[in-house]
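Novice: Need a 3D model of the following:
(chains A and B, ligands or ions: 2)
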Amino acid sequence: MNAMSTPAIEILGLTKDFPVGFWRPRMRRSLDSLSFQVDEGEVFGFLGPNGAGKTTTMKLLMGLIFPTSGTARVRGRSIDDVEMHREIGYLPEQPYFYDYLTARELLDYYARFSNYSAAERRERVEKFLERVGLAAAGDVQLRKFSKGMLQRAGIAQAILHDPPVVILDEPMSGLDPVGRREVRDIILELKKQGRTVFFSTHILSDAEMLCDRVAVLAGGKLQGVGAPGAIVAIKAPAMEILFEAREGRALPAGLAERATRIGGRCRVEVPEEGLYAALEQLRGCEARILSVSPVHPTLEDYFFRLVGGTAVSRGLEEISR
Amino acid sequence: MSATVGPVAINTFREAVRDRVLYNLVLFALLMIGAAILVGEISIGIERLVIINLGLTAISVFGLVMAIFIGVGLVYKEIEKRTLYSLLAKPIRRWEFLVGKYAGLLLTLAVNTAFMTLGLAAALFYVGWRFERSDTSILVAIYFILLEFALVTALALFFSCFTTPMLSTLYTLGIYITGVFADDIRAVGDFTRNPAVLGVTRAIYYVVPNFHNFNAISMAAHGNAIPFTLFWQNTLYAALYVAVLLLAASAVFSRRNLK
Ligand SMILES: Nc1ncnc2c1ncn2[C@@H]1O[C@H](COP(=O)(O)OP(=O)(O)O)[C@@H](O)[C@H]1O
Ligand SMILES: [Mg+2]
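Specialist: Ligands and ions are numbered 1, 2, ... in the order given. Okay, the predicted model is just below:
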């Protein structure tokens, strides 16, 4: 990475208070002096449980809401500068669009805000409908779109003008596994083209798969910035065993009380270091092993532990260094 | 500037058309047909008066209802449905968005009014009226009605930048009605000779747009020429008032946090 280049996104002490309460509004801090930067060409994950302040941060960057204090720059330009918007694409959380337009009309409308000729615009609209898999639905009014299709239309409008910086708020939410995979492919393709992608998620595996670096936010405060591996390492590893108990054979003590029955099958979760011992016990009672797989905790689990335990928060301090 | 305002205006117009707003024209046509047939039956030489009065009043009422009800939702709907988020992510300033929405609704009202004008002309033709030079006053009266729409739309848009559609409707209607009776309110104040009352009524008179001046319906119906000075006076008055309202709306809206 070129140390001299301007960062794609610089967040400088962003703080946002929202009024809460109707009759006697008080201010509640939703974002607390957030500072970090996203480098040019990075895929950068913005992680945190619901309510952490991810959407708030992105809306501040896009000028949809205004900071209580602090500021931010995109490719060296202040977020107050409307010209900055030529260099940035944005997918809002749970996007919604003019439902009386067709997907093709919607993209054509947005393309009008970049200086394309009519022919270029038409070509671009077709290309990006194709790119997000909406080519066949181009003439369908958006009111008939499913959540997943809206998400695709949203991604198309975010990258339609080839912005060097792309901000995606929960791009995988509401998508089926195929859709998620396609979004991941699009993000990787954007990276290949040298663009910067800053996306939020509360699903750890998405970040693991895609990101050069991640920032972790909780309660409006930055918990740490680092490579996703650093976060995965803190994850308390657990293994899940699925098995069928042999008819007439009792389960050994120690497993019996922890196993949950689903139909004829049993499921038990054991710490990684106890895996072989558990398997030995199951062999002892001639159980049939169906599968052994690692348990991926969601970020919710992860932050639940962050609130409760000290071990994990120590780990987080480490990555922030 | 027009590079960003234009597309927003056209999209606003397209929304109105696809939401079947122009269906009100059917109602207007039925009204005109009914009136023309009825007046043709009685036929005592007042066809022109009745048709013009009714036609222009209907044009004004239909348009005002549209201006207020669509006007108060112009901005609110885009915030509520969050369609504004992806739009404002594009290189467009908030005031450009506002002006675009405003222009789009005015365009809708103008097209609607143009069709109604044709309907009115057809009704006049049916009752046997042959057009004369003095009929230009009908067109001027319609122009004044359009100016009135421009003012009312600006009021609705202004209120909707900081309050709910319900309250915006109430405020806009309130100001419109006060504005229609602005002259009377002032006269009442002058009549009481009470300095406090006088102060209030004068203040209302000067702040609220004076819609009375925009009503040239009876002049047109009686075939009277509309004074040239009134034409310019109304044009300038409306332009200035609209400019102030749009500036105020932009100032409010540009600082607003979108929820
Ligand atoms: N317009 C608003 N008014 C009041 N509180 C808000 C507003 N927007 C967000 N918040 C609060 O700010 C916090 C962060 O929310 P958000 O940024 O949406 O979190 P995330 O996207 O990480 O789930 C939440 O507690 C939320 O309730
Ligand atoms: Mg969010």
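Novice: Would you mind measuring from the closest residue to ligand 2 within the stretch 1-150 of chain A to residue B:151?
Specialist: Going by C-beta to the ion, ligand 2 is nearest to residue A:55 of the stretch 1-150 of chain A, at 3.2 Å. For every residue, glycine as well, the C-beta is placed using N, CA and C. Here residue A:55 is placed at a distance of 39 Å from residue B:151 (C-beta to C-beta, to the nearest Å).
Novice: Show me where chain A has its helices.
Specialist: Under the criterion DSSP state H, chain A carries helices at the ranges A:54-61, A:103-111, A:118-131, A:147-159, A:177-192, A:204-210, A:228-234, A:275-284, A:299-308, A:310-320.
Novice: Likewise for the stretch 1-150 of chain B?
Specialist: Under the criterion DSSP state H, counting those that start in this stretch, the stretch 1-150 of chain B carries helices at the ranges B:2-18, B:24-42, B:47-71, B:74-80, B:83-88, B:94-126, B:136-160.
Novice: pLDDT score assigned to the residue nearest the centre of chain B?
Specialist: Centroid-nearest residue in chain B: residue B:149, 1.3 Å away (criterion: C-alpha atoms, centre = their mean). At residue B:149, the pLDDT value in this model is 97.
Novice: Surely it is in contact with residue B:109?
Specialist: Yes. With contact defined as C-beta atoms under 8 Å, residue B:149 reaches residue B:109; the gap is 4.8 Å.
Novice: Need the residues touching each of the two.
Specialist: Residues touching both residue B:149 and residue B:109 (C-beta atoms under 8 Å, 6 or more residues apart in numbering or on different chains) are B:63, B:67.
Novice: follow-up on the earlier one: nearest spatial neighbour of the residue of the stretch 1-150 of chain A closest to ligand 2, skipping sequence neighbours?
Specialist: Closest residue in space to residue A:55, ignoring its immediate chain neighbours: residue A:93 at 5.1 Å, by C-beta to C-beta, 6 or more residues apart in numbering or on different chains.
Novice: same deal with residue B:120?
Specialist: Nearest residue to residue B:120 in three dimensions, chain neighbours excluded: residue B:55, at 3.8 Å (C-beta to C-beta, 6+ apart).
Novice: what stretches of the stretch 51-200 of chain A score poorly on pLDDT?
Specialist: Counting by pLDDT under 70, the stretch 51-200 of chain A contains no low-confidence residues.
Novice: need the residues of it near chain B, please.
Specialist: Within the stretch 51-200 of chain A, the positions lying close to chain B (C-beta under 8 Å from any C-beta of the partner chain) are A:59, A:62-66, A:82-83, A:85-86, A:88-92, A:94-98, A:100-101, A:109-110, A:112-115, A:154, A:157-158.
Novice: Can you flag the buried ones in the residues you listed?
Specialist: Buried subset of these (neighbour count, 16 or more other C-beta atoms under 10 Å in any protein chain shown): A:59, A:62-65, A:82, A:85-86, A:88-92, A:95-98, A:100-101, A:109-110, A:112-114, A:154, A:157-158.
Novice: any low-confidence regions in the stretch 201-321 of chain A?
Specialist: In the stretch 201-321 of chain A, residues with pLDDT under 70: A:230-236, A:296-321.
Novice: which parts of it sit against ligand 1?
Specialist: By C-beta under 6 Å from any ligand atom, no part of the stretch 201-321 of chain A sits against ligand 1.
Novice: try it again with 8 Å
Specialist: Within the stretch 201-321 of chain A, the residues that sit near ligand 1 (C-beta under 8 Å from any ligand atom) are A:202, A:217, A:220.
Novice: ok, and the most crowded of those residues?
Specialist: For these, the largest number of neighbours (other C-beta atoms under 10 Å in any protein chain shown) sits with residue A:217, at 26 neighbours.
Novice: Just give the number of residues close to the closest residue to it other than its chain neighbours.
Specialist: Of all residues not flanking residue A:217 in the chain, residue A:48 sits nearest, at 3.7 Å (C-beta to C-beta, 6+ apart). Neighbour count of residue A:48, defined by other C-beta under 10 Å: 25.
Novice: now swap in residue A:275 and tell me
Specialist: The tally of other residues near residue A:275 (other C-beta under 10 Å) stands at 16.
Novice: thought it was touching residue A:237?
Specialist: No. With contact defined as C-beta under 8 Å, residue A:275 does not count as touching residue A:237 (9.5 Å).
Novice: Could you report the distance from the one residue sitting closest to the centre of chain A to chain B?
Specialist: Note on chain A: the residue nearest the mean C-alpha position is residue A:201, at 1.9 Å, using C-alpha atoms, centre = their mean. Counting by C-beta to the nearest C-beta, to the nearest Å, the gap from residue A:201 to chain B is 19 Å.
Novice: do residue A:207 as well
Specialist: In this view, residue A:207 and chain B are 23 Å apart by C-beta to the nearest C-beta.
Novice: What residues does that residue make contact with?
Specialist: Listed by C-beta under 8 Å, 6+ apart, the contact set of residue A:207 reads A:45, A:47, A:201, A:214, A:228, A:231.
Novice: how about those, which pair is most distant?
Specialist: The largest distance within the contacts of residue A:207, taken as C-beta to C-beta, falls between A:201 and A:231 and amounts to 12.4 Å.
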